[in-house]
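> I'd like to go over a predicted model; first the sequence, then the structure.
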Amino acid sequence: MLAADPGVSIARIAGEAGVDRRTVYRRFASREELLAAIYACRLEAIEGAIADARLREAPVAVALHRYVENIIGVNRTWPVDLARMLADDEIRARRDASIRDVDTFLRRAIDEGLLRPGTPEGWAGALLPQLMHLVARQMPDLEAAQAADVVVDTFLHGLGAAT
């Protein structure tokens with residue numbers, strides 16, 4: 001509900017969850033505390049997805065697919081934007097560490113020949129999350145593994161016809 005409408009009331013959230021709003025307020029003292037808990041869960045899920053993908057150890061193609069599949073699952077489970085929490089220094093530091101891990105992996109993918117060199121700095125790191133976000137939202141009927149197939153194929157081969 002918060003992903004669709006960040007201003008949604010606690011009463012509506014509670015109603016959708018099948019509880020009274022007082023129940024929500026017993027667990028979370030304020031709307032900000034509820035939002036912080038949601039963002040913390042998303043961030044933990046992202047960190048878990050990165051760790052599970054084994055970006056440093058697994059073969060690059062395997063790690064890429066695993067990472068994409070995991071993040072699609074995170075995007076579908078926690079469809080909120082972490083940008084709202086970046087004023088929190090701890091959240092920002094953890095998010096930045098995750099981005100560094102993925103950027104290091106993408107450099108490894110270039111070094112090992114899976115991605116072509118010569119694209120603008122940061123382009124792969126900017127494009128991949130957008131593709132994952134898009135497939136998570138626009139293709140909800142695809143299983144995460146199938147959605148990852150679409151993203152990885154598009155990421156590695158684009159949409160141009162083979163020549």
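Perfect, thanks for sending it. Note that this is a predicted model, so its numbers are computed, not measured.
> wait, isn't Leu127 in contact with Thr154?
No. In this structure Leu127 lies outside contact range of Thr154 using Cβ atoms under 8 Å: 9.3 Å. C-beta here means a position set from N, CA and C on the backbone, and glycine is covered the same way.
> what sits in contact with each of the two?
With contacts taken as Cβ atoms under 8 Å, 6 or more residues apart in numbering, Leu127 and Thr154 have no neighbour in common.
> Roughly how far does Thr119 sit from Leu106?
In this structure, Thr119 lies at 10 Å from Leu106, with Cβ to Cβ, to the nearest Å as the measure.
> isn't Ala37 right up against Phe28?
Yes. Counting by Cβ under 8 Å, Ala37 touches Phe28, with 6.5 Å between them.
> In terms of packing, which of those two has more residues around it?
Taking Ala37 and Phe28 together and counting by other Cβ atoms under 10 Å, Phe28 has the greater number of neighbours (16 against 12).
> Any chance of the backbone angles for the more buried one?
Listed backbone geometry of Phe28 is phi -130, psi 120, with angles given as degrees, to the nearest 10.
> How about it, nearest residue that isn't a chain neighbour?
In space, Phe28 comes closest to Leu34 once its chain neighbours are excluded; the distance is 4.1 Å by Cβ to Cβ, 6 or more residues apart in numbering.
> wait, what's in contact with the one you found?
With contact taken as Cβ under 8 Å, 6+ apart, Leu34 is in contact with 10, 13, 24, 27-28.
> What residues of whichever strand or helix holds it count as buried?
Using DSSP states H and E, the element containing Leu34 is helix 31-53. Buried residues in helix 31-53, defined by neighbour count with 16 or more other Cβ atoms under 10 Å: 31, 34-36, 38-40, 42-43, 45-47, 49-50, 53.
> Name the surrounding residues that touch the very next helix or strand once past that helix.
Tracing the chain past helix 31-53, the next element assigned as helix or strand by DSSP H and E is helix 60-77. Contacts to helix 60-77, defined as Cβ under 8 Å, 6+ apart, come from residues 42, 45-46, 48-50, 52-55, 57-58, 102, 105, 108-109, 112, 114, 128-129, 132-133, 135-137, 140, 144-145, 147-149, 151-152, 155.
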